[in-house]
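Student: Okay, sequence plus prediction incoming.
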Amino acid sequence: MSVQLTDKVVWITGAGKGLGRTIAHGVLSAGATVVATARTLDSLESLREEYPAGRVLVAPGSVATESDVERITSQISSEFAQLDGLVNCAGVSPSFDRSERIGIDTFRAILETNVVGSFICAQQAGRLMLTQGFGSIINVSSIHGQNGYPRISAYAASKGAISALTKTLAVEWADRGVRVNTLAPGYFDTDLSHKLLESSWGDDIRRRTPMGRTGEPDELIGAVTYLLSDSANYTTGSTITVDGGWSAW
């Protein structure tokens, strides 16, 4: 049975490409209206052009810039009567260096986008949702928020922080109708991971994955639509892994 999100308004960050773009398509297919955020306007315009007028609200900006996020949430408030969901999908992983070699500025920049950016968006969306008395926030983490792997210390640290942040927000906001959950994907072939998966490291990743393959982006959609839907009204503070078996180790 497919989950429907008809009449819901869902804000998706990182919607310009990769998993964020796939999630945007899935949420739109389930009937929701999407507020799409990414740094580049062109990627968002191309998404909007694929759907009828009014289905996609383009809201470009940097998730790590508080003024940008405040502008976007103000835009949401003026355009819609409610905000039903936020999918915090924007993230970066520009480094694949051993921990003794990674630059501190690079380390900080990864945490700034992945952790601080997710918090700013969750905080701003949460304020809207707490006022209306309902809402669902999905923070996209990673299997490497829980499982170690070489050369991704900053990325792994940021995703572990996302999981901890989710649990705190869930406890704080549960009694006021706002649910906060974590989605922890494994390896999917996207713009962010394609170069790595095409290298010898990709062979190692597939070998370590119990299912023996990387995920197809569409295989995330069911978990996302469930967490955004009324079917998940008693689900908060949870982590759903879609990882081909990594979390079973």
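Tutor: In hand now; what should we look at?
Student: since we're on Ala38, how many residues are nearby?
Tutor: 27 (other CB atoms under 10 Å). Where C-beta positions appear, they are placed from N, C-alpha and C, glycine not excepted.
Student: contacting residues around it?
Tutor: Neighbouring residues of Ala38 by CB atoms under 8 Å, 6 or more residues apart in numbering: Thr13, Gly14, Ala15, Gly16, Lys17, Gly20, Leu44, Pro60, Ala90.
Student: Next up, the contacts around the residue lying closest to it once chain neighbours are set aside.
Tutor: Leaving aside its sequence neighbours, Ala38 sits nearest to Gly16 (CB to CB, 6 or more residues apart in numbering; 3.1 Å). The contact partners of Gly16, taken as CB under 8 Å, 6+ apart, are Ala36, Ala38, Arg39, Thr40, Ser43, Leu44, Leu47.
Student: same thing with His144?
Tutor: Ile152, Tyr155, Ala156, Lys159.
Student: in the longest helix seen in the chain, what's buried?
Tutor: Using DSSP state H to define each element, the chain has its longest helix at helix 153-173. Across helix 153-173, burial judged by 16 or more other CB atoms under 10 Å covers 153-163, 165-167, 169-170, 173.
Student: repeat for stretch 78-96
Tutor: Applying 16+ other CB under 10 Å to stretch 78-96 flags 82-93, 95 as buried.
Student: circling back to that earlier point, which two in the contacts of Gly16 are spaced the farthest apart?
Tutor: Distance extremes for those: the farthest pair is Arg39 and Leu47 at 13.8 Å, using CB to CB.
Student: Looking at these two, which is more packed in?
Tutor: The neighbour comparison of Arg39 against Leu47 (other CB under 10 Å) goes to Leu47, with 24 against 17.
Student: Need the three-state assignment for Asp175.
Tutor: Secondary structure assignment for Asp175 (DSSP: H, G, I helix; E, B strand; the rest coil): helix.
Student: which other helices and strands contact the worst-scoring helix or strand of the chain on mean pLDDT?
Tutor: In the chain, no helix or strand scores lower on mean pLDDT, DSSP states H and E than helix 194-197, which sits at a mean of 81. For helix 194-197, the packing partners by 3 or more CB pairs under 8 Å, 6 or more residues apart in numbering; DSSP states H and E come out as helix 200-208.
Student: separation between the residue most central in space within the chain and Val3?
Tutor: Nearest residue to the geometric centre of the chain (CA atoms, centre = their mean): Cys89, 2.2 Å. Distance, Cys89 to Val3, using CB to CB, to the nearest Å: 18 Å.
Student: for Thr166, same thing?
Tutor: Thr166 is 21 Å from Val3, by CB to CB.
Student: Restricted to strands, list the buried residues of stretch 78-96.
Tutor: Gly85, Leu86, Val87, Asn88 (DSSP state E).
Student: Distance check, the last one against Asp204.
Tutor: Taking CB to CB as the criterion, Asn88 is separated from Asp204 by 29 Å.
Student: Also Leu128?
Tutor: 43 Å.
Student: Ok, Thr166 next?
Tutor: 29 Å.
Student: Number of residues surrounding Gly212?
Tutor: Gly212, neighbours per other CB under 10 Å, totals 10.
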